[in-house]
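**Q** sequence unknown, structure follows:
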């Protein structure tokens with residue numbers, strides 16, 4: 001199910017987190033959902049971004065370098081009283097949670113958290129706030145390459161292609177981002193999970209596996225952009 005704004009455009013999420021690596025991971029996960037994401041690393045910038053970006057929901061860290069999440073929430077709510085807010089807190093204390101929810105936060109997750117949990121809680125908040133759901137097709141199509149995400153069937157020019165689980169996830173990521181150059185780091189994060197400690201050469205290895213199955217006997221669709229990463233685009 002895809003979440004959309006009432007006008008049919010992608011939902012917007014503001015991520016307020018001063019730790020750059022956490023902010024980037026959350027942003028990547030939310031963009032993977034098809035959402036538009038803006039980030040801010042201080043309370044001051046968060047309040048400005050909320051006015052300019054007009055987000056549909058905010059992921060808000062309790063601890064920020066200038067002022068805390070509760071103050072950010074108070075300032076945001078002065079102009080946007082109904083904006084859904086998901087607090088991130090490093091402290092699993094009852095006082096923290098009560099303070100956040102009493103101040104008007106809608107939900108919270110404690111660090112360390114799973115990205116899936118953040119996405120699921122945001123979805124629930126935005127559905128309650130009126131974002132609409134649409135049933136999207138489970139079939140991805142790029143040129144003559146087709147993937148059914150539900151049945152996990154892949155064909156090129158009508159010919160069935162058998163993939164391993166990892167090859168399937170790699171191809172799905174490429175097909176969800178056609179014509180977009182994806183770096184090895186992005187692919188590692190998305191396909192091998194965020195805690196994968198391996199080397200980028202595993203990406204090269206699996207790209208070579210995919211090429212043998214996807215491009216064999218056809219005009220190539222998977223291209224190497226030297227120094228940048230890989231891109232999937234229709235042949236021809």
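**A** Everything's here; your move. As the structure is a computational prediction, the values presented were derived from the model and not from experiment.
**Q** From now on I want contacts and neighbour counts done on CA atoms only, so please keep to that.
**A** OK.
**Q** name the element residue 64 belongs to?
**A** Under the criterion DSSP states H and E, no helix or strand holds residue 64.
**Q** For it, give me its contacts.
**A** Residue 64 makes contact with 17, 18, 41, 42, 43, according to Cα atoms under 8 Å, 6 or more residues apart in numbering.
**Q** make it 10 Å
**A** The contact partners of residue 64, by Cα atoms under 10 Å, 6 or more residues apart in numbering, come to 16, 17, 18, 19, 41, 42, 43, 44, 72.
**Q** What of residue 157?
**A** Residue 157 touches 143, 144, 145, 146, 218, counting by Cα under 10 Å, 6+ apart.
**Q** Strands - which of the contacts of residue 64 land there?
**A** residue 16 (DSSP state E).
**Q** What values do phi and psi take at the residue nearest the centre of the chain?
**A** Computing the C-alpha centroid of the chain and ranking residues by Cα atoms, centre = their mean puts residue 29 first, at 2.2 Å. Taking degrees, to the nearest 10, you get phi -60, psi -40 for the backbone angles of residue 29.
**Q** Return a PyMOL selection command for the buried portion of the contacts of residue 64.
**A** To isolate the buried members of the contacts of residue 64 in PyMOL, using 16 or more other Cα atoms under 10 Å:
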select buried, resi 16+17+18+41+42+43+44+72
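**Q** Show me the contacts of residue 64 that map onto helices.
**A** Here DSSP state H is the test, and those give 43, 44, 72 as lying in helices.
**Q** Find the least confident helix or strand in this structure, judged by mean pLDDT.
**A** strand 132-134 (a mean of 52; mean pLDDT, DSSP states H and E).
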